[in-house]
Every structure is written in structure tokens, then in C-alpha cells.
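Q: Coordinates only, no sequence provided:
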């Protein structure tokens, strides 16, 4: 039986759901992509660059899935390799240098587990990002757009404000992976999804995220007519845009010491059991 939580998982994976590049071209303007980690290669699963948000210059980083099989293979199904995380950190450091806020968009089933990624230091790249993001001196706003899977998501998920789409999911493991470990049966994924507490409502209750962005309709690019006349796609996207702007405006009022201390305390208290 499909549970309510697993229905959210399926919605988060909907093939017509907006991806990071869709938002870069809808919410932001003047997006200019930056390629490469300056150490090994460019990772198409992680898209980074500069953009403008309501006239403000910002750095944007997002995990990108593909619309068809060829693009999915090219993007590696949004599963980044070490060079992807290093590219993301490279852009974060540039943003810090030039005083630009950072917006990251999470949408991945997890980091790529292949041998080549492990050989090039997958775990180290993720861990390094966690450490460095904790001390970045400009505001960081995180958006959980679709799937947020394990360390592959958390590697760009250390932010001052974490926003999550109503139909997104955020978890330490996929329901299928959890079911395979616990019951040796991936068919029990709906039960695993219920137990993982991976929905936006659950995560807000646990203070893992700060705000839920409502999705009153199924949010798909197929609904986007491109004329900004108020279709469901644009309404939801505009709500997200306004919440990102509000978060950046609020965070920009803080001095660096307060920004860093609040970020530290935000993540330090996670996992407390009262």
C-alpha cells in the first residue's frame, strides 16, 4: 500500500517537476554558468554560476537532473562526483570574496557511489564542504526542491535558512535503500518512507528546515506557458522567489559574527532529544 509519505516521494521525483536550471531561468535573471573545479573536471550534475535576484547579484548552485535519457546520463541523474562538490565550493568561495549571497538548490537521490568517485575522494569532498560552508561569511539560503538524499544533498545544504517545497523530501537515505537494508525487500519502500519522516511537515516539526513553500497544485514545467500571466508554475515559483528574497534581506542585516554564530547554533541543536 502506498503511504502518504511515499506519495510525496513520487511527486518529488515527477519527471516534469522543475529542476535547478528551470529556476535559474525563472526566478533569477542573467544567469551565467561557471564550469569546472580547477582540479579534475566539470561535473554536469552540479550547475553553478552567477545570477541576479530582483536586481541583487548572487551566486547560485543547483543539482540538475535530466529530462530525457540522454540528458539524464549526461547529468548522471543529479548524482555528483567529487569534482561537483569542489566546483560548488569554488563558487561559494568566490561569492564570499565578492560579498554575494549564496542560494543552493537541492535535488539529488544522493552522491554518486561509483569507484571512480571514491578514488577521487568522494567522502572527503563532501566533508570538506560541510566544514567550509559552516564558516562562509555571506548569507546562504538553501532550497530543497525535489529529492534531498543523504550526504549528496547535505554537501550543499549547510545554510542560514533552509526552505523546502511542500512536495519535496529530505532524508538520510532513499526509501528503497532503507527498505533493502531493513527488510531485504525494496517493495517495502512505502513503509520505509513513513518511518523516515522525510516530508516537509515532519522536518519542519523537527526544526531541520525553517519554512515550507506551499504547492497548491502539481508543480510541473508542462504547466509553464512562459508569459507570466499567473499559471500555477509561475505562482509557485514567485512564492519561492519572494521567500528567498525575504530570507536574504533578513540575513543581510546581521553582522558576520552573528551570522556565523546563528548558523552554528542552528545545526548544533539538531538531534537534541528532550
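A: That came through fine. Predicted model, so just to flag it, every value in this text is computed and none were measured. Numbering: from 1, shown residues only.

Q: Could you pull up the contacting residues of residue 96?
A: 136-138 (Cβ atoms under 8 Å, 6 or more residues apart in numbering). Using the backbone N, CA and C atoms, a C-beta is placed for each residue, glycine as well.

Q: Got the confidence number for it?
A: With respect to pLDDT, residue 96 scores 98.

Q: So it belongs to a strand, correct?
A: No: applying DSSP: H, G, I helix; E, B strand; the rest coil, one finds residue 96 to be helix, outside a strand.

Q: quick one on the thing from earlier: for the contacts of residue 96, could you give me CSV that also reports pLDDT?
A: Below are the contacts of residue 96 laid out as CSV (pLDDT from 0 to 100):
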residue, pLDDT
136, 98
137, 98
138, 98
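
Q: Out of those residues, flag the one nearest to residue 22.
A: Taking Cβ to Cβ as the measure, residue 22 lies nearest residue 138 of those, at 24.7 Å.

Q: Count the neighbours of that closest one for me.
A: A total of 21 residues lie near residue 138 under the criterion other Cβ atoms under 10 Å.

Q: same thing with the one 3 residues further on?
A: Taking other Cβ under 10 Å as the criterion, the count of residues near residue 141 is 25.

Q: So what sits opposite it in the bridge?
A: Counting by DSSP bridges, residue 141 is bridged to residue 103, residue 161.

Q: Just to check, it is in contact with residue 244?
A: Yes: the pair formed by residue 141 and residue 244 meets the contact definition of Cβ atoms under 8 Å, at 5.5 Å.

Q: Can you check which residues contact both of those two?
A: With Cβ under 8 Å, 6+ apart as the test, residue 141 and residue 244 both reach 103, 163.

Q: just for the stretch 1-150 of the chain, where's the confidence low?
A: For the stretch 1-150 of the chain, the stretches with pLDDT under 70 are 1-2.

Q: Please, where are all the strands along it?
A: Ranges of strands within the stretch 1-150 of the chain are 29-34, 46-53, 56-63, 102-108, 140-149, based on DSSP state E, counting those that start in this stretch.

Q: Of all the ones you listed, which one comes closest to residue 7?
A: That would be strand 140-149 among those, by Cβ to Cβ, at 14.0 Å.

Q: Please enumerate the helices of the stretch 101-250 of the chain.
A: 115-119, 122-133, 150-154, 175-183, 189-196, 200-205, 232-251 (DSSP state H, counting those that start in this stretch).

Q: list the helices and strands the fifth one packs on?
A: Contacting helix 189-196 under the criterion 3 or more Cβ pairs under 8 Å, 6 or more residues apart in numbering; DSSP states H and E are the following elements: helix 4-12, helix 175-183.

Q: With residue 252 as the reference, name the closest of the ones you listed.
A: Using Cβ to Cβ, these put helix 4-12 closest to residue 252, at 30.2 Å.

Q: report the angle between the axes of that closest one and helix 175-183?
A: With axes from the mean of the first three to the mean of the last three Cα atoms, to 10 degrees applied, the angle from helix 4-12 to helix 175-183 works out at 140 degrees.
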